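A.B. asks: I would like to see how this sequence folds:
(one chain, ligands or ions: 1)
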Amino acid sequence: MQINDKSGYKAYYANDERYAQMKYKRCGKSGIQLPMLSLGLWHNFGHADDLLKGQEILRTAFDNGIVHFDLANNYGPPYGAAETNFGRLFKQDFEPLRDELFISSKAGYDMWPGPYGNLGSRKYLVSSLDQSLKRMNLDYVDLFYHHRPDPDTPLEETMSALDFIVRSGRALYVGISNYPAELAKKAIEILNDLGTPCLIHQARYSMLDRWVEDGLLDVLGDNGVGCIAFSPLEQGMLSNKYINGIPEGSRAAKSMTYLQKDTVEKNLPKIKALHEIAQGRGQTLSDMAIAWLLKDKRVTSVLVGVSSAEQLVSNVKALDTLDFSVDEIAKIKTILES
Ligand SMILES: NC(=O)c1ccc[n+]([C@@H]2O[C@H](COP(=O)([O-])OP(=O)(O)OC[C@H]3O[C@@H](n4cnc5c(N)ncnc54)[C@H](OP(=O)(O)O)[C@@H]3O)[C@@H](O)[C@H]2O)c1
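C.D. replies: Just a heads-up that it's a prediction; the model follows:
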């Protein structure tokens, strides 16, 4: 069934100019270049979401040279739904373009009941990826991550599962996510010894959450591993969306959300001050928040989520103004550290 056949399916013809729209950056010391802006499907691709909108978001991304789509086994809701919906959209629009896409998935958080549906065992990672591939209608993913550290499984087991996943043809590259600096260093070393280097670390990083600057980016830079920053807009807080209150339909207004109204209210003074600086740069706050992360050479790509194609188009403009003056950096740091 076509996604929108009742209303008249519109065939997708990718924009011929797509690669002129985007800037690409080498991921660590690997052969892979990633778009400096990537698209995550954590939100807005669940079963309750409008798939037509999802279709428009994916098409708009690709048309703008955003060739990296990031998923995980448990994105939805319900768990698995984002991969299933992506699989339908992929089949319909992108299958002939598979080799132009860089698709990632992950396992590490709870996915199914019992001892084999969570954390970091070889049993969980391999079977979870097999399920993800079926849902997404893919033969392989370009990148597979261990989603978070598992304190109880030996790191060697988790890393050798990643190595096996590459050797068995299920993924081309592997990465880690949410690993603190020291553990990341160990994981990188084990993967190097196994002959399957760690491509990238996916870490939470935004103007309001700068933990990676405290050691992790050094580890990644020293070891030639890329970094992709997730939740760069703090789920929308780093935009002009909340400056005049909490709009209907926004993440903070939804009941099932990781973004609490209190958090928005607490950060409002900083958001307003940053918004002013962004205006002075002729940029939106969201564009400045993206550019701020990319000024660090070790950050390969910024991974945004969007609830509309318009937001994505607006985020791509961040790449037009990536430089910051010394004065701007000082002012921004004063706000962030206040
Ligand atoms: N590895 C991990 O543990 C982990 C964890 C979280 C996320 N991720 C990955 O990172 C991706 C991005 O995370 P995220 O969705 O939290 O990122 P985000 O980019 O910080 O937040 C996305 C939200 O920001 C708002 N937004 C985006 N562009 C906007 C614009 N131009 N103007 C105004 N508002 C805008 C939208 O909110 P509204 O919906 O309110 O419009 C959107 O849903 C995820 O999809 C996932 O792939 C990974």
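
A.B. asks: Could you pull up the contacting residues of the residue of the stretch 201-338 of the chain found nearest the ligand?
C.D. replies: Residue nearest to the ligand within the stretch 201-338 of the chain: residue 305 (2.4 Å; CB to the nearest ligand atom). Every residue, glycine included, has its C-beta placed from N, CA and C. Going by CB atoms under 8 Å, 6 or more residues apart in numbering, residue 305 touches 39-44, 231, 235.

A.B. asks: Let me know the average pLDDT across stretch 16-36.
C.D. replies: Mean pLDDT, stretch 16-36: 97.

A.B. asks: Could you tell me the end-to-end distance of that stretch?
C.D. replies: Terminal residues of stretch 16-36 lie 19 Å apart, using CA to CA, to the nearest Å.

A.B. asks: In stretch 67-80, which residues are buried?
C.D. replies: 67-76, 79-80 (16 or more other CB atoms under 10 Å).

A.B. asks: Tell me the gap between it and the middle of its chain.
C.D. replies: The chain centre lies 10 Å from the centre of stretch 67-80; the measure is CA atoms, centre = their mean, to the nearest Å.

A.B. asks: Alpha carbons only: can I get it in PDB?
C.D. replies: What follows is stretch 67-80, C-alpha atoms only, in PDB (Å, rounded to 0.1, in the frame of the first residue of the first chain):
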ATOM      1  CA  VAL A  67      21.700  11.600   3.700                       C
ATOM      2  CA  HIS A  68      22.200  10.400   7.300                       C
ATOM      3  CA  PHE A  69      19.000   9.100   9.000                       C
ATOM      4  CA  ASP A  70      19.400   8.000  12.600                       C
ATOM      5  CA  LEU A  71      17.100   5.400  14.200                       C
ATOM      6  CA  ALA A  72      17.000   3.000  17.200                       C
ATOM      7  CA  ASN A  73      15.200  -0.200  17.900                       C
ATOM      8  CA  ASN A  74      13.000   1.500  20.500                       C
ATOM      9  CA  TYR A  75      12.000   4.700  18.700                       C
ATOM     10  CA  GLY A  76       8.300   5.100  18.400                       C
ATOM     11  CA  PRO A  77       6.000   4.900  20.300                       C
ATOM     12  CA  PRO A  78       5.500   2.000  20.500                       C
ATOM     13  CA  TYR A  79       9.000   0.600  20.400                       C
ATOM     14  CA  GLY A  80       9.900  -0.400  16.900                       C
END
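
A.B. asks: What segments of this protein are helices?
C.D. replies: Counting by DSSP state H, one finds helices in the chain at the ranges 51-63, 81-89, 122-136, 155-167, 181-194, 216-223, 261-280, 285-294, 309-316, 326-336.

A.B. asks: Would you mind giving those as TSV with mean neighbour count and distance to the ligand added?
C.D. replies: Shown next, in TSV, are those (neighbours: other CB atoms under 10 Å; distance: least, CB to the nearest ligand atom, whole Å):
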stretch	mean neighbour count	distance to the ligand
helix 51-63	19	10
helix 81-89	23	9
helix 122-136	20	14
helix 155-167	19	15
helix 181-194	18	13
helix 216-223	19	13
helix 261-280	16	10
helix 285-294	24	4
helix 309-316	19	4
helix 326-336	13	16
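
A.B. asks: Figure out which of these is closest to residue 99.
C.D. replies: Nearest of these to residue 99, taken as CB to CB: helix 51-63 at 12.9 Å.

A.B. asks: If we ignore the residues flanking it in sequence, what's nearest residue 44?
C.D. replies: residue 307 (5.2 Å; CB to CB, 6 or more residues apart in numbering).

A.B. asks: ugh, typo on my part, it should be residue 80
C.D. replies: residue 135 (5.8 Å).

A.B. asks: Just confirm that neighbour contacts residue 90, I think it does.
C.D. replies: No. Using CB atoms under 8 Å, residue 135 is not in contact with residue 90; the gap is 10.2 Å.

A.B. asks: per-residue confidence at residue 261?
C.D. replies: In this model, residue 261 carries a pLDDT of 84.

A.B. asks: Point to the residue nearest the middle of this protein.
C.D. replies: residue 303 (3.6 Å; CA atoms, centre = their mean).

A.B. asks: Count the residues that sit near residue 41.
C.D. replies: 25 (other CB atoms under 10 Å).

A.B. asks: what does the one 5 residues further on give?
C.D. replies: Here the number of neighbours of residue 46 (other CB under 10 Å) works out to 21.

A.B. asks: close enough to count as contact, it and residue 83?
C.D. replies: No. Contact between residue 46 and residue 83 fails when scored by CB under 8 Å: they sit 10.7 Å apart.

A.B. asks: if I look at these two, which residues touch both of them?
C.D. replies: residue 75.

A.B. asks: Might you report the residue contacts of the closest residue to residue 304 other than its chain neighbours?
C.D. replies: Distance criterion CB to CB, 6+ apart; nearest residue to residue 304, sequence neighbours excluded, is residue 315 at 5.3 Å. Residues near residue 315 by CB under 8 Å, 6+ apart: 37, 286-287, 290, 304, 306.

A.B. asks: cool, and residue 312?
C.D. replies: Going by CB under 8 Å, 6+ apart, the list of residues near residue 312 reads 39, 57, 60-61, 64, 66, 304, 306.
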